[in-house]
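>>> predicted model follows, preceded by the sequence.
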Amino acid sequence: MADADAQFGAGEVRLHCLSDHAGVLKRGERERAAALLDRFLLRFPQLFFAVHTSVLSELASLRQFGFWLLNRAAFDDLGADRPNEGGILLVIDPEAKVAGLSFGYLLEPYLDEADTFVLLTAAHPFLLQGQYLKAIGEIEKRLSRLLVKRAGQARRDPARFERKVAAPTQRGKGLQPLRAAAISKPLAHAEEVDK
């Protein structure tokens, strides 16, 4: 995180869950994209899905930027009951035609790099064609299905989905959420809400 802070800054970044800084979504598309993000919030009460578009031409690593942004962002349209540790952030650079998916510590037992690859691969054709709303929708749909599946697996085999690393607990000691809230809530009821 120190390397990322040195490159991007150590201060708080104020964002909304849908931050279209690159201006790739039309007004109606922004409304539909926001509705997709809201739908995700309803399905998974302890998580959130955010999208950030920006032209990041001088950026060395989109992955590092996504990690940094998820840890430094304060999302103005979320309450303190949704800490950044439960966040999933899609970063899109339309000029470089790259996208990255980062997720918070709470999701480490449920998602891995292979999952992010599969999700981004599903959205890849839409991203290449500049159909950003469809790309966001495809990721949200597949991500929701995957989390419901993993919630069911966690219910059957809880030991497999326990956190392997303790969450940060003190400011100044590793990465911290910008908003304090319960950290170790399971992905309970996700499959019930999805019905």
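Looks like it came in fine. Bear in mind that the values here come from a model prediction, so they are computed numbers and not experimental data.
>>> quickly find the element holding the residue nearest the centre of the chain.
With distances taken as Cα atoms, centre = their mean, the residue of the chain nearest its centroid is Ile88 (1.3 Å). According to DSSP states H and E, Ile88 maps onto strand 87-93.
>>> immediately after that strand, which helix or strand?
strand 98-103.
>>> does anything pack onto the longest helix seen in the chain? Which helices or strands?
For the chain, the helix with the greatest residue count under DSSP state H is helix 132-156. Using 3 or more Cβ pairs under 8 Å, 6 or more residues apart in numbering; DSSP states H and E, the elements in contact with helix 132-156 are helix 27-43, strand 48-53, strand 87-93, helix 113-128, helix 190-194. Placement of C-beta: from N, CA and C, glycine included.
>>> what about that helix, average pLDDT?
Across helix 132-156, pLDDT averages out at 95.
>>> point out where this protein drops to low pLDDT.
4-5, 7, 58-60, 163-195 (pLDDT under 70).
>>> look up how far Asn71 lies from the residue lying farthest from the centre of it.
No residue in the chain sits farther from the centre than Arg156, which is 25.4 Å out by Cα atoms, centre = their mean. Using Cβ to Cβ, to the nearest Å, Arg156 is found at 32 Å from Asn71.
>>> can you name the residues in contact with the strand holding Ile88?
Outside strand 87-93, the residues that touch it by Cβ atoms under 8 Å, 6 or more residues apart in numbering are 22, 24, 47-57, 59, 62, 65-66, 69-70, 73, 75, 98-104, 107, 111, 127, 132, 135-136, 139, 143.
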